[in-house]
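Engineer: I need the structure of the sequence given here:
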Amino acid sequence: MHTPAPIGRTPAAADAPPAVVHLLGGTRRSIRLLGLIGMALACAPLVVRSEFHLTFMTLALYSTLLGSAWNILGGFGGQYSFGHAVFFGLGAYTGAILQVHAGLPAWTGLLAGSAIGGAAGAALGAISFRYGLRGSYFALVTLAMAEVFRIIANSVPFTGAGVGMMIELRSGPADLQFESRQGYYYFALALALVALAVSSWVRHSRFGAALAAVRDNEDAARALGIDATRIKVAATALSGSLMAAGGVFYLQYFHYIDPMLVFGPAVSVEALLGPIVGGLGTVLGPLIGAFALALVSQVATQALGQAPALSMALYGVILIVMVTFLPRGLGRLRLRRGRHA
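Structural biologist: Below is the predicted model:
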């Protein structure tokens with residue numbers, strides 16, 4: 001005799017395996033939460049009139065994008081990268097070259113830069129993981145690749161060499177440049193929400209489950225039939241694509257890039273620090289970490305002034321404190337307290 005489906009569940013959901021139902025439920029909850037966060041952040045410029053505070057929030061959302069990109073590979077995949085600036089720089093220079101030398105609109109640079117960042121991630125992942133590089137070895141390879149591309153960009157003429165590249169000011173949505181701070185805020189918000197949505201998909205998808213299995217025990221995952229190399233290459237490509245989009249945003253926001261700015265270690269540190277502070281392997285960890293770091297950095301700047309290398313020294317101290325005392329991040333701490341309440 002056929003048992004009717006429980007009230008509130010469709011027959012398809014009732015007949016689905018428990019794991020699938022769990023994934024579907026988690027995805028819906030995550031989408032609702034991201035929708036609420038997106039609506040709240042979209043309404044922020046209606047309340048926040050100060051350009052200073054709007055700039056603060058814009059840069060925090062930009063850091064959220066970078067952190068989410070790194071978190072897909074480092075947090076969900078457990079493959080720590082110290083050279084994510086390589087994807088960031090490729091995206092920035094792709095956009096700049098297409099605008100300056102080819103005269104194409106900025107949105108083509110965003111699409112092409114993201115595609116090239118993804119392709120570079122796939123290539124780097126394929127080379128690294130095919131030869132079994134893990135842990136510190138993979139981290140050092142990414143760091144070396146960022147330095148290689150910095151040297152190349154510093155040497156060839158079409159990148160402006162050490163002088164860098166400056167794009168022409170063309171205000172308008174098609175050129176991804178805006179006369180007001182609100183335009184850049186919504187541009188950063190759109191990119192950050194896309195990155196958070198991708199992270200949510202990774203978190204609740206079968207791909208994400210396979211990626212987590214590889215992170216926790218790669219040998220056991222291979223024994224279960226998971227193609228660990230393919231999964232890690234796909235995660236690196238996805239991470240690289242989002243990171244390259246961050247490079248295009250940086251180009252449009254500041255209108256100038258040079259090899260050290262976009263391929264230097266500061267970019268990689270900013271990308272990895274947000275998820276570590278907010279919570280590795282969580283969807284909202286990069287968002288929490290980005291706003292927390294932006295607030296701390298702003299307070300420190302007002303207290304100590306624009307001292308040379310202040311931000312890098314401050315980030316180093318924060319990283320040591322987080323790894324030592326809060327290794328699970330601020331987001332995980334909040335969840336753990338909630339469960340004990």
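
Engineer: what kind of secondary structure is the residue positioned nearest the centre of the chain in?
Structural biologist: The C-alpha lying nearest the average C-alpha coordinate of the chain belongs to residue 69 (C-alpha atoms, centre = their mean; 2.3 Å). Reduced to three states with DSSP: H, G, I helix; E, B strand; the rest coil, the structure at residue 69 is helix.

Engineer: and the nearest residue to residue 44 once chain neighbours are set aside, backbone torsions?
Structural biologist: Spatial nearest neighbour of residue 44, chain neighbours left out: residue 57 (6.4 Å); criterion: C-beta to C-beta, 6 or more residues apart in numbering. In this view, the C-beta of every residue, glycine as well, is placed from N, C-alpha and C. Note on residue 57: backbone dihedrals following degrees, to the nearest 10 are phi -70, psi -40.

Engineer: What ranges does the stretch 51-200 of the chain have for its helices?
Structural biologist: With DSSP state H, counting those that start in this stretch, the ranges of helices along the stretch 51-200 of the chain come out as 51-74, 85-100, 106-130, 135-153, 181-204.

Engineer: Test my guess that residue 105 contacts residue 177.
Structural biologist: No. Using C-beta atoms under 8 Å, residue 105 makes no contact with residue 177, being 10.5 Å away.

Engineer: just to revisit the earlier point, the residue nearest to the centre of the chain against residue 239, yeah?
Structural biologist: Yes. Here residue 69 reaches residue 239: they are 5.2 Å apart, a contact under C-beta under 8 Å.

Engineer: what touches both of the two?
Structural biologist: In terms of C-beta atoms under 8 Å, 6 or more residues apart in numbering, residue 69 and residue 239 are both contacted by the residues 84, 87.

Engineer: and the host helix or strand of residue 215, C-alpha only, in CSV?
Structural biologist: Residue 215 belongs to helix 206-216 when assigned by DSSP states H and E. C-alpha atoms of helix 206-216 as CSV (Å, rounded to 0.1, in the frame of the first residue of the first chain):
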residue,chain,number,x,y,z
ARG,A,206,27.2,17.0,-4.8
PHE,A,207,30.3,18.7,-6.2
GLY,A,208,30.8,20.4,-2.8
ALA,A,209,30.3,17.1,-1.0
ALA,A,210,33.0,15.5,-3.1
LEU,A,211,35.3,18.4,-2.6
ALA,A,212,34.8,18.2,1.2
ALA,A,213,35.5,14.5,1.0
VAL,A,214,38.8,15.2,-0.8
ARG,A,215,39.7,17.8,1.7
ASP,A,216,39.0,15.6,4.7
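
Engineer: following it, which helix or strand shows up next?
Structural biologist: Following helix 206-216 in sequence order, the next helix or strand is helix 218-223 (DSSP H and E).

Engineer: can you give me how far that following helix is from the chain middle?
Structural biologist: 27 Å (C-alpha atoms, centre = their mean, to the nearest Å).

Engineer: which residues sit against that helix?
Structural biologist: With C-beta under 8 Å, 6+ apart as the criterion, helix 218-223 contacts 134, 210, 213-214, 228.

Engineer: now it: mean pLDDT?
Structural biologist: Summarised as a single mean, pLDDT over helix 218-223 is 93.

Engineer: Any buried residues in it, and which?
Structural biologist: Residues of helix 218-223 classed as buried: 218, 221 (neighbour count, 16 or more other C-beta atoms under 10 Å).
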